[in-house]
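*Asks:* Provide a 3D model corresponding to the input given below.
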Amino acid sequence: MRIKIVIAGPRGRMGQEAVKMVLDEPDFQLVGCIDRKDKEVQVPFLAEKGIPVYRDAEECFYAQEVDVLIDLTVAESSYDYVMMALRKQIRCVVGTTGFSNEQLQTMKATAKENSTGCIIAPNFALGAILMMHFSKIAAKFFPDIEIIEKHHDQKIDAPSGTAIKTAEMIKNVRNSKIQGHPDEVETMQGARGASDDGIRIHSLRLPGLVAHQEVIFGGEGQTLTIKHDSMNRKSFMEGIKLSVQQVMNLKEYVYGLENVLDLA
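*Replies:* Purely as a prediction, here's the structure:
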């Protein structure tokens, strides 16, 4: 039986790639899209395929039989969509970042209460997941770490969800440490980037970039750099496809694609 899918955010560049992926996947069926800005604006392929676009998520969920919501919007609207879907026991695959910790915990509790799968992933590129996994391993041996993440200039949140997730994974295996000279002074505020438990995080936003991150480890007489680059948004589609397949078997919330991959 084909998995019935609704995509929120079909007009964005990620959303358009997701539309193409779902339409090309024989085991998926795109039954509708949610676009809060303009119901009449059609994404390529939607009109000719007869796929309805809803401005109101509740109307969409009422009108269509939905197995999975793929949300690729912004945190402002995504939270409402996901909460509404979970309460209706519609599974969710979420690529939106910028949620508060309180929002994440509420989504986690709602998924559990409704025994409904929900995968929230800061990054769906499989190479990025491996980059984070390898960084966690390296942090056991190199506790001095800086993260540089680079994205297109239309990205709203900084640092990226991937950088935040990378730091979280590293902190699980690394003792707290304040890096650099104890008397270090920023002569220009922000020059050293953000600090998360001593890990420095730097965000670049420039046209021409898509999604890139390098984690640099320093040790006596050596450095180690673990780097991943997404050259286009197709790089995220394999992870979204995998997440849709995996979320069908879940009855709870999962944060991070690495938790549904066999990385042992």
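*Asks:* Please count neighbours and contacts with C-alpha atoms only from this point.
*Replies:* OK.
*Asks:* Next up, the contacts around Lys241.
*Replies:* Each residue near Lys241 by CA atoms under 8 Å, 6 or more residues apart in numbering is listed here: 21-22.
*Asks:* what ranges do the strands span in the stretch 151-264 of the chain?
*Replies:* Per DSSP state E, counting those that start in this stretch, the stretch 151-264 of the chain has strands spanning 194-196, 199-205, 211-219, 222-230, 253-255. These are given in chain order.
*Asks:* Give the other helices and strands that the second one contacts.
*Replies:* Read it as strand 199-205. strand 144-151, strand 194-196 (3 or more CA pairs under 8 Å, 6 or more residues apart in numbering; DSSP states H and E).
*Asks:* Adding mean neighbour count, mean pLDDT and distance to Glu238, write these out as CSV.
*Replies:* Shown next, in CSV, are the helices and strands packed on strand 199-205 (neighbours: other CA atoms under 10 Å; pLDDT from 0 to 100; distance: least, CA to CA, whole Å):
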stretch, mean neighbour count, mean pLDDT, distance to Glu238
strand 144-151, 22, 98, 20
strand 194-196, 15, 95, 30
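*Asks:* Rebuild those strands as JSON lines, extending it with distance to Leu257.
*Replies:* Output for those, formatted as JSON lines (distance: least, CA to CA, whole Å):
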{"stretch": "strand 144-151", "distance to Leu257": "19"}
{"stretch": "strand 194-196", "distance to Leu257": "22"}
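*Asks:* out of the ones you listed, nearest to Ile3?
*Replies:* Nearest of the helices and strands packed on strand 199-205 to Ile3, taken as CA to CA: strand 144-151 at 31.9 Å.
*Asks:* re earlier: which one of the helices and strands packed on strand 199-205 lies closest to Lys177?
*Replies:* Ranking those by proximity to Lys177 (CA to CA) places strand 144-151 first, at 7.9 Å.
*Asks:* relative orientation of the closest one and strand 222-230 in degrees?
*Replies:* 20 degrees (axes from the mean of the first three to the mean of the last three CA atoms, to 10 degrees).
*Asks:* just the angle between strand 144-151 and strand 211-219, please?
*Replies:* Going by the same axes, to 10 degrees, strand 144-151 makes 170 degrees with strand 211-219.
*Asks:* Take strand 144-151, keep the C-alpha atoms, and write them as PDB.
*Replies:* What follows is strand 144-151, C-alpha atoms only, in PDB (Å, rounded to 0.1, in the frame of the first residue of the first chain):
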ATOM      1  CA  ASP A 144      39.400  21.500  21.600                       C
ATOM      2  CA  ILE A 145      36.700  22.000  18.900                       C
ATOM      3  CA  GLU A 146      35.400  24.800  16.700                       C
ATOM      4  CA  ILE A 147      32.400  24.400  14.300                       C
ATOM      5  CA  ILE A 148      32.100  26.500  11.100                       C
ATOM      6  CA  GLU A 149      28.700  26.300   9.400                       C
ATOM      7  CA  LYS A 150      28.000  28.000   6.100                       C
ATOM      8  CA  HIS A 151      24.500  28.400   4.500                       C
END
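*Asks:* now for it, which elements pack on it?
*Replies:* On a contact count with 3+ CA pairs under 8 Å, 6+ apart, strand 144-151 meets helix 161-171, strand 199-205, strand 211-219.
*Asks:* Listing partners with orientation, what would you give for the shortest one?
*Replies:* So that's strand 199-205. Next to strand 199-205 in the sheet, as set by DSSP bridges, lie strand 144-151 (parallel), strand 194-196 (antiparallel).
*Asks:* now the longest one: how far from the chain's centre is it?
*Replies:* So that's strand 144-151. Relative to its parent chain, strand 144-151 has a centroid offset of 17 Å by CA atoms, centre = their mean, to the nearest Å.
*Asks:* swap in stretch 68-75?
*Replies:* The answer for stretch 68-75 is 10 Å, by CA atoms, centre = their mean.
*Asks:* average pLDDT across that stretch?
*Replies:* Stretch 68-75 shows a mean pLDDT of 94.
*Asks:* All good on my end, thank you.
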